[in-house]
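Chemist: next input, structure requested:
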Amino acid sequence: MTFELTGVQADNLRGYRSTYLPIDRDVSVVVGPNNAGKTSILRILDWFLNGVDPSVFKSEWELPTDVAEFILPARETKHRARRLTLSIRVLDGRAHRKYKCSKDGVAILRLNVRLSPYRLAYLALGNPSRKESPRSDANAVDLLTRLQEALNFFYVPSFRDVSSVRFKSTLKNAYLSRLVNKVSHHQQGGAPQEYRSFKRQFDSIKSMLERFVEPLWSDMNGNLPRGLAREGAISLNCDTADLVDVLLDKFSLKVSTGKHDSSLVQLDELGSGLQSLLDLAVNQSGAQQSNNRTVLVVEEPESFLHPSAQRVLTRSLLSRNGVDKVVITTHSPTVVDESGFDQVVICKDHHFYFPKIDSGARVDINTALLNGKGSEMLFASSVLLVEGESDRLFFEWLRRRLAEHDASGRMDKMFVVDVGGKASFAPWIRVLESYGTPSDRPISWLVLADGDASSAVRRAFQDAKYTLPQPVLEKISPVAASVGGEIDQWVVSIRSLNKTAITHGVPFLLAPVDLEHTALSSAGAGTLQVIADAASCQDSRLETVLKKLGSKACERNDSAMKSPWVRGLIAKTLPGTEISSDVRRIMRYWGRDLLSSDEMNKLFKAL
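Modeler: Just a heads-up that it's a prediction; the model follows:
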């Protein structure tokens, strides 16, 4: 009978209120900040599938203190149900009724925890009922037993050290697995050649050892009173399995990494990165050797590794060589770079967000976007999408300055992406909108474009299937009509559009005229002089500096200095009192889900 684990749900266990993690994909790459809940559910699964003996549930099982501290949340749950629920596909139709399977052959196995009158755990099948008995269902215990037998769940934690007890145990089990396959005879039919050869050698050594000690009986008998003992024989009471057990701890693995250690060295003398790789390698080997369905779970494969090694290792894991399913948790954009969009899962606040897949072509597009800057974007909580590198440098440097005064660290959860032009926002919007729902996104985002890009951005939202409210649409037309006209009127229409967008919660703002005008509109004479010197501009008046920088607020300047680094210099140079109200509005709206307006204003005052 074959069983397949397809999903797990945790309700009021560890840090989870209620979350579901599908395990029906071939590959899942889970990203998210520290303490977001990536690890907890996998550790619970490891305990349930590898650490607990199903027989304990046959009678009322009071949770031991260490187990209770491991699975129960530290917070108050107000009498809400605490349970772990596994979705298990049962491929033998004859067992569907026994395990209360659904029409598609999926059984629901529940570990339920009750705290009154004492901490009690029991197993049940199917959906929960208020009237169910707090005693384990015999068929539920049987299902857990069979699942553990049919599924190998290899869990590799982020801490990987060859001197750890866990690694030594894993390596010892790997030795044992290879030896048992060769020196034990469990196959039907004829014995394998390796077993026959080993058995002959073993019997010869056993016979030899018995002959060596045989004189001992004669010596002993000669010292006994006559007639008290007539015969005696000494035999070596062991078989091949006993010999394997005795010798198992005597194996020693040494390796060489080059000329400097060509004579081979002990594993604990290797670097941390190679120790981590060895740990992963022995677990991968174990998964590949298994005849059962296998799930390989690897926490943070990037630990201690150079980016190039991360890439090689990630490709190896994603290939699933000999493994049915792979689950990876990571903090590394490099690991995400090697993954496909359809494989990447975002974890935030103990909740998992899987990407919505529109088509194969869209998967390819999104996978391309999630390379480089896109892969790092997935680790942020709020993303600012801008037209180009100049915009990115300005807002990134300003964010860094504010972050220096943010003790909470929330400013470091904000990230800027340049999309490559005003016509290139749509694909990025679609990536971000593919995770979660309109009322529950793991990453908030904001589109910021120059004042002449209102029509292009409107098309981008249409292409991304994001419906803009009518009041916002009505404000876009006056902005488009103002382009090339009076600057003051243009600025007024843009600010009116921005106010309406913020009122309706639309993630879309325009920079009044452009970045240069927006950034320097409140700059003082000293700041303008610094920027003028950097841009080799002889005149430090605002209009002259803007023209030198190629601002749309001025006539076309063919010799304009468009170097992005100058925009970054502006962000690093501007005193807090000279940061324009428009820039402040953009920053506050960008960080709206992380800091309040008052908190952001305090950071500006600290500059």
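Chemist: use CA for all of it now, contacts and neighbours both
Modeler: Noted.
Chemist: His260: neighbour count?
Modeler: Each residue near His260 was counted by other C-alpha atoms under 10 Å, and the total is 8.
Chemist: tell me the helix or strand right after the helix or strand harbouring Ser477.
Modeler: In this assignment (DSSP states H and E), Ser477 forms part of helix 470-482. Using DSSP H and E, the helix or strand that follows helix 470-482 in sequence is helix 487-503.
Chemist: buried residues in that following helix?
Modeler: Within helix 487-503, the residues scored as buried using 16 or more other C-alpha atoms under 10 Å are 487, 490-491, 493-495, 497-501.
Chemist: against which helices or strands is it packed?
Modeler: In this structure, helix 487-503 makes packing contacts with helix 470-482, strand 508-511, judged by 3 or more C-alpha pairs under 8 Å, 6 or more residues apart in numbering; DSSP states H and E.
Chemist: now this protein, which segments are flagged as low pLDDT?
Modeler: 1, 185-191, 261-262, 287 (pLDDT under 70).
Chemist: buried ones in the biggest helix by length in it, by neighbour count?
Modeler: The residue-count maximum for a helix in the chain (DSSP state H) belongs to helix 193-213. Along helix 193-213, the positions that meet the burial threshold by neighbour count (16+ other C-alpha under 10 Å) are 195-196, 199, 206.
Chemist: next helix or strand past that helix?
Modeler: Under the assignment DSSP H and E, the closest C-terminal helix or strand after helix 193-213 is helix 215-222.
Chemist: packing partners of that following helix?
Modeler: Using 3+ C-alpha pairs under 8 Å, 6+ apart, no helix or strand is in contact with helix 215-222.
Chemist: can you pull out the residues in contact with that helix?
Modeler: Residues outside helix 215-222 that contact it (C-alpha atoms under 8 Å, 6 or more residues apart in numbering) are 229, 232-234.
Chemist: quick one: the helices in the stretch 51-200 of the chain?
Modeler: 65-71, 138-150, 165-183, 193-213 (DSSP state H, counting those that start in this stretch).
Chemist: would a markdown table of those with distance to Asp46 be doable?
Modeler: Listed next are those as a markdown table, based on distance: least, C-alpha to C-alpha, whole Å:
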| stretch | distance to Asp46 |
| --- | --- |
| helix 65-71 | 12 |
| helix 138-150 | 11 |
| helix 165-183 | 14 |
| helix 193-213 | 34 |
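Chemist: those helices: which one's closest to Leu247?
Modeler: Each of the helices of the stretch 51-200 of the chain was checked against Leu247 via C-alpha to C-alpha, and the shortest separation belongs to helix 165-183, namely 10.1 Å.
Chemist: could you give the angle of that closest one to helix 193-213?
Modeler: Using axes from the mean of the first three to the mean of the last three C-alpha atoms, to 10 degrees, the direction of helix 165-183 lies 100 degrees away from that of helix 193-213.
Chemist: my guess is Leu264 contacts Lys254, does it?
Modeler: Yes: here Leu264 lies in contact with Lys254, judged by C-alpha atoms under 8 Å, at a distance of 5.5 Å.
Chemist: please parse the protein into its domains.
Modeler: The chain is divided into the following domains under automatic domain parsing: 1-162+281-357, 166-269, 380-520+565-606.
Chemist: from Met220, how far off is the residue located most distally from the centre of the chain?
Modeler: Distance from the C-alpha centroid of the chain, by C-alpha atoms, centre = their mean, peaks at Arg226 (78.9 Å). Applying C-alpha to C-alpha, to the nearest Å, one obtains 12 Å for the distance of Arg226 from Met220.
Chemist: ok, Val566 next?
Modeler: For Val566, the distance to Met220 equals 98 Å [C-alpha to C-alpha].
Chemist: also Leu179?
Modeler: Counting by C-alpha to C-alpha, the gap from Leu179 to Met220 is 38 Å.
Chemist: out of the two, which sits in the busier spot?
Modeler: Higher neighbour count among Leu179 and Met220: Leu179, with 15 against 10, using other C-alpha under 10 Å.
Chemist: now do the same contact list for the more buried one.
Modeler: Contacts for Leu179 were tallied using C-alpha under 8 Å, 6+ apart; they are Val244.
Chemist: same deal with Tyr175?
Modeler: Contacts were defined as C-alpha under 8 Å, 6+ apart; by that measure Tyr175 touches Leu248.
Chemist: all strands of the stretch 401-550 of the chain, in order?
Modeler: Listed from the start of the chain, the stretch 401-550 of the chain has strands (DSSP state E, counting those that start in this stretch) covering 414-418, 444-450, 508-511.
Chemist: how about the ones you listed, which one is nearest Leu171?
Modeler: Each of the strands of the stretch 401-550 of the chain was checked against Leu171 via C-alpha to C-alpha, and the shortest separation belongs to strand 414-418, namely 42.0 Å.
Chemist: could you list every helix and strand in contact with the closest one?
Modeler: Using 3+ C-alpha pairs under 8 Å, 6+ apart as the contact test, the elements touching strand 414-418 are helix 373-377, strand 382-386, helix 389-403.
Chemist: closest one to Arg14 among those?
Modeler: With distances scored as C-alpha to C-alpha, the stretch of the helices and strands packed on strand 414-418 nearest to Arg14 is strand 382-386 (26.5 Å).
Chemist: where's Pro507 relative to Pro438, distance?
Modeler: From Pro507 to Pro438 the distance is 12 Å (C-alpha to C-alpha).
Chemist: more neighbours: these two, which one.
Modeler: Neighbours of Pro507 and Pro438, each counted by other C-alpha under 10 Å, are more numerous for Pro507; the result is 18 against 8.
Chemist: can you tell me which residues contact the residue lying closest to that one once chain neighbours are set aside?
Modeler: Excluding the flanking residues, the one nearest Pro507 by C-alpha to C-alpha, 6 or more residues apart in numbering is Leu446, at 4.4 Å. In this structure, Leu446 makes contact with 382-385, 507-509, 589-590, judged by C-alpha under 8 Å, 6+ apart.
Chemist: just checking, Val335 touches Gln310?
Modeler: Yes: with contacts defined as C-alpha under 8 Å, Val335 counts as touching Gln310 at a distance of 6.6 Å.
Chemist: with neighbour numbers in mind, choose between these two.
Modeler: Neighbours per residue (other C-alpha under 10 Å) separate Val335 from Gln310, with Val335 holding more: 25 against 21.
Chemist: and the more buried one, that's in a helix?
Modeler: Yes: using DSSP: H, G, I helix; E, B strand; the rest coil, the assignment for Val335 is a helix.
Chemist: what is the burial count for the residue lying closest to it once chain neighbours are set aside?
Modeler: Take Val335 and drop its neighbours on the chain: the residue closest to it by C-alpha to C-alpha, 6+ apart is Thr314, 6.1 Å away. By other C-alpha under 10 Å, 20 other residues sit near Thr314.
Chemist: could you say which helix or strand holds Thr314?
Modeler: If you go by DSSP H and E, Thr314 is part of helix 307-318.
Chemist: tell me how far the helix or strand following that helix lies from the chain's centre.
Modeler: For helix 307-318, the following helix or strand on the C-terminal side (DSSP H and E) is strand 325-330. Averaging C-alpha coordinates over strand 325-330 and over its chain gives two centres that are 7 Å apart (C-alpha atoms, centre = their mean, to the nearest Å).
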